[in-house]
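# Take this sequence and fold it.
(2 chains)
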Amino acid sequence: MWSYLARRAIQAIFTLLIITVLCFILTRLSADPMAQYATSQRMSAEDREALRERLGLNDPLPVQYLKWLGLALQGELGNSFFSKQPVSLMISQRLPNTLILMVTAEIITVSLALVLGILSAVKQYSTVDNIITALSFIGFSMPIFFIALGLMLIFSVQFKEWGLPYLPTGADIWDKKDPVELLKHLILPVSALVIILTAGYARYIRTSMLEVLGLDYVRTARAKGLTSRAVLFKHALRNAALPLVTIIGLDIPFLIGGALVTEQVYAWPGMGRLFWEYAQRGDFPVVLGILLIISTAVVIFTIITDVVYTFVDPRIRLG
Amino acid sequence: MASQTATATDVPVLERETTSVPLTPRELIWRRFRKHRMALLGMIGFVLLMVFIVIGSILVSEEKANVVDPVGRLSPPSEAHWMGTDSTGRDLFARIIHGGQISLLVGIMAVILSVTAGTVIGGVAAYYGGWVDAVLMRFTEAMLSIPSLFLLIVLGKFFGKDVQTIEMFGRTFSGSVAIVILVIGLTSWMVLARIVRANVLSLKEMDYISASKALGANNTQIFFRHLIPNTMGAIIVASTLGLAGAILSEAYVSFLGLGVQPPTASWGNMLTQAQQFIQRGSWWMWVFPSLFIVFTILCINLIGDGLRDAFDPRSSRHL
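Numbers count the residues shown, from 1 in each chain, chains lettered A, B, ... in the order given. So this is what the prediction gives:
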C-alpha cells in the first residue's frame, strides 16, 4: 500500500511538472501580455520597455518558467496584468460561485441518474427503459449550449412575452447575497447541466446494475424469498454503485473548473467565465493559475479515488 | 453467444448447405452490425445528412450563404428564407448546408489527426516500454488532467495568433478552419493512446509475435503488420465516437468565437450569433443549427455503439 502510494506520488509529480511546462509555454506565448499598453498614449516606448524588464518579460523563457514555478510552489500565483489583483484572490472570489452551481447540479444529477438508471435496468426492454435509453442517447449527443439557450428562450424570453412568471436570463444585475434571487438565477443553469450530465450517468448506472442483477448471489437472494425491494437495494445496488464511486471521484475535481459554456450563456460569475474572460485578453498569470489549480486537483483526486476504491471494494488490491 | 446461434438459424437451410466456406472475421462483424437496428438507423440518418449537404451545395452556391442583406435581417422562416435569416440578413438554409460541410470536414480531419497521434503514441509507448513508455504516459496523463474545453481554448489562442486564408476544394477557407482541425486533433488523442497501449501490451506477449521475431521480422514490420491490425477494432470504434466528439468540439470552440471565423459558416459559429439575439426571441437562429448538430452527433454515436458491439461481441449487448 505505502510503496504503491509512493510510486503514484512520484508519477504525479512528474505529471504535474509536464502540465506546468505545457501550460506555461502555451499561455505565455499565445499573446503579448503588454498588448493593452501598446497603444497607450500615457506610456512611452521607454516606459513600456522598463515595465517589461521589471515584470521579467524579457528574461529567457526557461528563466521565466522557473521563476513562476518557484513562486507557484509557495502559493504565489502572481498578479493579473489586466485587473492588477492577485490571481489567488480572484480565484477565491469566483470559486464559491462555481461550487454553488456545480455541486447543486452534481447532486441532482446523481440522484436523478440513480432513479432513472435503476428503473431502466429493472424494467429492461420495457417502454420506460426504451424511453430513458433514447433520451439519454439524445442527451449524450447534445452540446450544452443547445439546452442552455433553449431553456433561456422558453423560460426567460417567451414566458416574459406571454406575461407568465419568467426566470432571469442572468444578464441583469442582481444581489448575490439574496437567497431568493440566487435560487432564481440558479434554476436555469442547473437544469441545463443536469439534463446533459444525467444522460451519461444514467446509462452508466443502468449498465452496471444490469451486470449485477445477472449474478448468482442476486438469484440466491431472490430464491431465499427476499422482497424485490430488499434484493434491489440491499444486495444489487451496493455492488452496482461501486463503479459509480470512481466516476464521481474523477468528476469532482473538474467541478472546480465550473461549466465554462453554461456560465458564459447565463453570465454566471464562476471560474469558467473567469478563465474565458482572461484567456481572451491573453492575461497569462490568471489563465495559468486556474489551469494549475484544476489540474493539480485532478491529479490528486485520481490517486484518492483509487485508494478509496480499495476501501469500498476489498477485492481490489493495489500493487 | 445467443446472438450467434440466432443468426445461424436465420440463414435459410439451402444457403447454409451451399455456403460451406466459414465466414471471415470481417463478414462476422458486418453480420453483427446489421443486426443492430439502432446502428443501422444511425447509418441511414448519416447518409441522408451527407446527401442533403452534397446536393444542397450543388443547388445552393456558397455566395448565397454569404450574401449580406441588411433589410431582411433577423427575419423568421418564410418562403424566401426557409430557415430565416441571421443578424446580417444571410440565409440560414444556405449557411446550414455550407456550415455543415465545414463542420464535417473539421470533424473528419481532426479525427484522422487524433487517431494517427493516438495510435503512434500508444503503440510506441507499449512496444518500447521502459522510459519511453513512462514519458509518453505521463504526457498523456498531463493532457488528460486539463479540462478539455480549457485546453481547446488555450491551444486555440496559441495557434490562432496569425490567421491566413487557404484555398482548397475550390473554396476559400478562413485559416481558422485549419487551426480548429489542428487544435481538436491535438487535444483528443489521449484516450485512444491508452486503449492502443493496453492492447499492444497484451498482444506483444503472444506467441505469434515471438514467432515472427524468430523469423527475422524487424520492429517496424511487427508493429504495422501484426500489432496495429489487431487493435484495428478498438481504433475504428474510437475514431467513430471520436468523430462525434470532434464535431461537438468544433461547435463548442466556434460557439465561443474562437473556432471557425465568419463569413465562413460552421454550425458552431452560427450559434454564437444566436446567443446574442436570443433575447429578442429569434428562435430560428438557435433551433436549426442546433438540430443539425444534435442529429449528426446522435447518428454517429449510434453507429459507434453498433460498431463496438460488432467488433467486441463479448461486450454487454445492453443498448
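# any low-confidence regions in the stretch 101-250 of chain A?
Counting by pLDDT under 70, the ranges of the stretch 101-250 of chain A that qualify are A:171-172.
# for chain B, what are the nearby residues on it?
The stretch 101-250 of chain A comes close to chain B at residues A:124, A:133, A:137-138, A:140-143, A:145-146, A:149-150, A:152-153, A:156-158, A:161, A:169, A:171, A:206-207, A:210-211, as judged by CB under 8 Å from any CB of the partner chain. Placement of C-beta: from N, CA and C, glycine included.
# rerun that using 7 Å as the cut-off
A:133, A:137-138, A:140-143, A:145-146, A:149-150, A:152-153, A:157-158, A:161, A:169, A:207, A:210-211 (CB under 7 Å from any CB of the partner chain).
# just the buried members of the residues you listed?
Burial by neighbour count, 16 or more other CB atoms under 10 Å in any protein chain shown: within those this picks out A:133, A:137-138, A:140-143, A:145-146, A:149-150, A:152-153, A:157, A:169, A:207, A:210-211.
# Name the residues of the stretch 151-300 of chain B found near chain A, please.
Residues of the stretch 151-300 of chain B lying near chain A by CB under 7 Å from any CB: B:153-155, B:157-158, B:161, B:244, B:248, B:251-252, B:255-256, B:271, B:274-275, B:278-279, B:281, B:283, B:286, B:290, B:293-294, B:297-298.
# just the helices in the stretch 201-319 of chain B please.
In the stretch 201-319 of chain B, the helices defined using DSSP state H, counting those that start in this stretch lie at B:207-214, B:219-221, B:228-230, B:232-255, B:267-277, B:283-311.
# quick one: the fourth one to helix B:267-277, angle?
Orientation note: helix B:232-255 sits at an angle of 30 degrees relative to helix B:267-277 (axes from the mean of the first three to the mean of the last three CA atoms, to 10 degrees).
# for helix B:232-255, the distance to its chain's centre please.
3 Å (CA atoms, centre = their mean, to the nearest Å).
# I'd say B:A94 and B:K64 touch.
Yes. Judged on CB atoms under 7 Å, B:A94 makes contact with B:K64 at a distance of 4.6 Å.
# Looking at these two, which has the bigger crowd around it?
Ranked by neighbour count (other CB atoms under 10 Å in any protein chain shown), B:A94 and B:K64 place B:A94 first, with 24 against 15.
# The one helix or strand that one maps to near chain A at all?
If you go by DSSP states H and E, B:A94 is part of helix B:92-128. No. Helix B:92-128 is not in contact with chain A by CB under 7 Å from any CB; minimum separation 11.5 Å.
# ok and that helix relative to helix B:232-255, angle-wise?
Here helix B:92-128 runs at an angle of 130 degrees relative to helix B:232-255 (the same axes, to 10 degrees).
# Tell me what angle helix B:92-128 forms with helix B:283-311.
Using the same axes, to 10 degrees: helix B:92-128 against helix B:283-311 is 30 degrees.
# So for helix B:92-128, mean pLDDT?
The average pLDDT within helix B:92-128 is 90.
# tell me the contacts of the nearest residue to B:K213 once chain neighbours are set aside?
What sits nearest to B:K213 in space, not counting adjacent residues and going by CB to CB, 6 or more residues apart in numbering or on different chains, is B:I222, at 6.9 Å. By CB atoms under 7 Å, 6 or more residues apart in numbering or on different chains, B:I222 lies in contact with B:I209, B:S212, B:K213.
# distance of the last one from B:N230?
Here the distance between B:K213 and B:N230 works out to 16 Å (CB to CB, to the nearest Å).
# try B:V253
The gap separating B:V253 from B:N230 is 35 Å, by CB to CB.
# Those two - which one has more neighbours?
B:V253 (28 against 16).
# isn't the more buried one right next to B:K157, touching?
No. Using CB under 7 Å, B:V253 makes no contact with B:K157, being 10.6 Å away.
# Can you classify B:G42 by secondary structure?
At B:G42 the chain is in helix, as set by DSSP: H, G, I helix; E, B strand; the rest coil.
# neighbours around it, how many?
B:G42 has 23 nearby residues by other CB under 10 Å.
# contacting residues around it?
With CB under 7 Å, 6+ apart, B:G42 has these contacts: B:C299, B:I300, B:L302, B:I303, B:G306.
# What of A:H185?
A:P168, A:G170, A:W174.
# how does it look with 10 Å?
A:L101, A:L167, A:P168, A:T169, A:G170, A:D172, A:W174, A:K176, A:D178, A:Y266, A:A267, A:W268 (CB atoms under 10 Å, 6 or more residues apart in numbering or on different chains).
# Would you write a ChimeraX line that selects the buried entries of the residues you listed?
Only the buried entries of those go into this ChimeraX selection, using 16+ other CB under 10 Å:
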select /A:101,167,168,169,170,266,267,268
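# related to what we said a few turns ago, could you tell me which of the residues of the stretch 101-250 of chain A next to chain B belong to helices?
Members of those lying in helices (criterion: DSSP state H): A:T133, A:F137, A:I138, A:F140, A:F145, A:F146, A:L149, A:G150, A:E161, A:T207, A:L210, A:E211.
# quick revisit: shared neighbours of B:V253 and B:K157, anything?
Contact criterion CB under 10 Å, 6+ apart; residues shared by B:V253 and B:K157: B:V183.
# What are the phi and psi values at A:P86?
Torsion angles at A:P86 (phi, psi; degrees, to the nearest 10) stand at phi -60, psi 140.
# That one touches A:L71, doesn't it?
No. If you go by CB atoms under 10 Å, A:P86 and A:L71 don't touch, sitting 11.1 Å apart.
# Show me which of these two is the more surrounded one.
Using other CB under 10 Å as the criterion, A:P86 and A:L71 rank with A:P86 on top: 16 against 13.
# what about that one, distance to chain B?
Distance, A:P86 to chain B, using CB to the nearest CB, to the nearest Å: 21 Å.
# That residue bridge partners, please.
Here A:P86 sits in beta bridges with A:N79, as judged by DSSP bridges.
# ok, it - contacts?
A:E76, A:L77, A:G78, A:N79, A:S80, A:S92, A:P285, A:G289.
# just to revisit the earlier point, please identify which of the contacts of B:G42 is nearest to B:R138.
For those, the residue nearest B:R138 by CB to CB is B:I300; the value is 31.5 Å.
# Just give the nearest non-adjacent residue to that closest one, would you?
Using CB to CB, 6+ apart, the closest residue to B:I300 is B:A244 (4.1 Å).
# ok now do that neighbour, which residues does it touch?
By CB under 10 Å, 6+ apart, the residues touching B:A244 are A:140-141, B:107, B:111, B:296-304.
# Which two among these are spaced furthest apart?
Farthest pair in the contacts of B:A244, by CB to CB: A:F140 and B:V111, 18.0 Å.
# Just give me the residue right at the centre of chain B.
B:L243 (0.9 Å; CA atoms, centre = their mean).
# about what we covered before: weed out the non-buried ones from the contacts of A:P86.
Among the contacts of A:P86, the ones that count as buried by 16+ other CB under 10 Å are A:L77, A:G78, A:N79, A:S80, A:P285, A:G289.
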